[in-house]
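Colleague: with the sequence up front, the predicted model follows.
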Amino acid sequence: MTYLDSLREGTSIDSIKTDLLRTAYDNDAAFLNRIDPRVLFAWYAVFLVVPWLFFDLMILSGLLAFVSIIAAVSRVSKFLIAMLAFGTVTNLALYAVVAGLLGDGAGAVVALLPYTFKLTIISVASLAVFSSMSPKDISRGLLSLGVPRQFTFVIAYGYRMLPVLLQEYHDVVNSLRLRSRAPESPGFWRWRHYLYLLRLSVRAFYPMIFNVAKRSRVTVEAMESRGFSQSLQGSASRELQLEELRVRPFDVAFLVGSLAVVVAIAVLGS
């Protein structure tokens, strides 16, 4: 198998769907998923604030390396990381183009590097926390912090529906391909073939949304028949959901150790 074939196989719809399914359903073995969600929210709050306290690129690089290690051991989706990296690189390129048109390309890009580093640190920390925790843990953690249960249910339901949405889109695209005729000649650099796939992708959006809306309605009706709305008002239901939350010594050690690493990076970087 050539490098191009392996790259095409790794970026196929099936690979993306499998990776999203693992993120939504099979993340119990992830490192951050073993930690109490309230502790993870506190850890995330630290990395929302700390990057804005520094402007030194060495310190910001150390913070980025630390959250990247946490994201790597937490089995963050490679496609989400690739999208983040692509967005960061294209933003820097856009900065360079705009600044070059205004007359100071290199200086403006260097001045914007700390800001880009800060946003990247926060983005990687967000990916590490929210793609590692299961939807159930996220909803429980938010519920323990006083967030209304309706909102926590929407978050958990959205996580569960994302792979279903991608599967539905894939099925609609395949059905449209079976009912349509591909161009006989792909053209120079296969532009006719890619234009044909682009048209199918656009046409598949409305049937996908319609089918997912029907599934969502069936889900809502099934939950209402089981008394979901009534359980939202009961304190016993809330206590039942939160009874498994426990802050263990390992959770406290992880938070304290992360703070110690941040202090060490700040001291060594300065």
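Modeller: Looks like it came in fine. Numbering: from 1, shown residues only.

Colleague: use CA for all of it now, contacts and neighbours both
Modeller: OK.

Colleague: pLDDT weak spots in the stretch 1-150 of the chain?
Modeller: Low-confidence segments of the stretch 1-150 of the chain, defined by pLDDT under 70, are located at 1-29, 102-108.

Colleague: repeat the analysis, applying 50 as the threshold.
Modeller: Applying pLDDT under 50 to the stretch 1-150 of the chain flags residues 3-4, 7.

Colleague: tell me where the chain has helices.
Modeller: Using DSSP state H, the helices found in the chain span residues 3-10, 13-25, 37-49, 57-73, 78-102, 105-130, 135-144, 149-179, 191-203, 205-225, 228-232, 235-242, 249-269.

Colleague: okay if I get those helices as TSV plus distance to Phe31 and mean neighbour count?
Modeller: Formatted as TSV, the helices of the chain follow (distance: least, Cα to Cα, whole Å; neighbours: other Cα atoms under 10 Å):
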stretch	distance to Phe31	mean neighbour count
helix 3-10	24	11
helix 13-25	13	18
helix 37-49	11	18
helix 57-73	6	19
helix 78-102	16	14
helix 105-130	10	19
helix 135-144	13	22
helix 149-179	19	16
helix 191-203	36	14
helix 205-225	31	13
helix 228-232	31	12
helix 235-242	21	13
helix 249-269	11	14
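
Colleague: possible to save those as JSON lines with distance to Ser185?
Modeller: Shown next, in JSON lines, are those (distance: least, Cα to Cα, whole Å):
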{"stretch": "helix 3-10", "distance to Ser185": "22"}
{"stretch": "helix 13-25", "distance to Ser185": "24"}
{"stretch": "helix 37-49", "distance to Ser185": "52"}
{"stretch": "helix 57-73", "distance to Ser185": "44"}
{"stretch": "helix 78-102", "distance to Ser185": "32"}
{"stretch": "helix 105-130", "distance to Ser185": "42"}
{"stretch": "helix 135-144", "distance to Ser185": "46"}
{"stretch": "helix 149-179", "distance to Ser185": "16"}
{"stretch": "helix 191-203", "distance to Ser185": "7"}
{"stretch": "helix 205-225", "distance to Ser185": "26"}
{"stretch": "helix 228-232", "distance to Ser185": "55"}
{"stretch": "helix 235-242", "distance to Ser185": "59"}
{"stretch": "helix 249-269", "distance to Ser185": "58"}
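
Colleague: any idea how far Val46 is from Gly269?
Modeller: Distance of Gly269 to Val46, computed by Cα to Cα, to the nearest Å: 18 Å.

Colleague: which residue is the nearest non-sequential neighbour of Leu142?
Modeller: With Cα to Cα, 6 or more residues apart in numbering as the criterion, Leu142 has its nearest non-adjacent residue at 6.5 Å, and that residue is Thr152.

Colleague: ok, the one you found touching Ser144?
Modeller: No: Thr152 lies out of contact with Ser144 (Cα atoms under 8 Å); the separation is 10.3 Å.

Colleague: so for the residue nearest to Leu142, what's the pLDDT?
Modeller: Thr152 is assigned 75 on the pLDDT scale.

Colleague: now stretch 213-228 - C-alpha only, CSV.
Modeller: Written as CSV, here are the backbone C-alpha positions of stretch 213-228 (Å, rounded to 0.1, in the frame of the first residue of the first chain):
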residue,chain,number,x,y,z
ALA,A,213,-35.4,15.3,13.1
LYS,A,214,-37.7,12.4,12.7
ARG,A,215,-35.4,10.3,14.9
SER,A,216,-35.2,13.0,17.5
ARG,A,217,-39.0,13.3,17.6
VAL,A,218,-39.3,9.5,18.2
THR,A,219,-36.7,9.8,21.0
VAL,A,220,-38.5,12.7,22.7
GLU,A,221,-41.9,10.9,22.6
ALA,A,222,-40.3,7.8,24.1
MET,A,223,-38.7,9.8,26.9
GLU,A,224,-41.9,11.7,27.6
SER,A,225,-43.9,8.4,27.8
ARG,A,226,-41.4,7.3,30.6
GLY,A,227,-41.9,10.5,32.6
PHE,A,228,-38.7,12.4,31.7
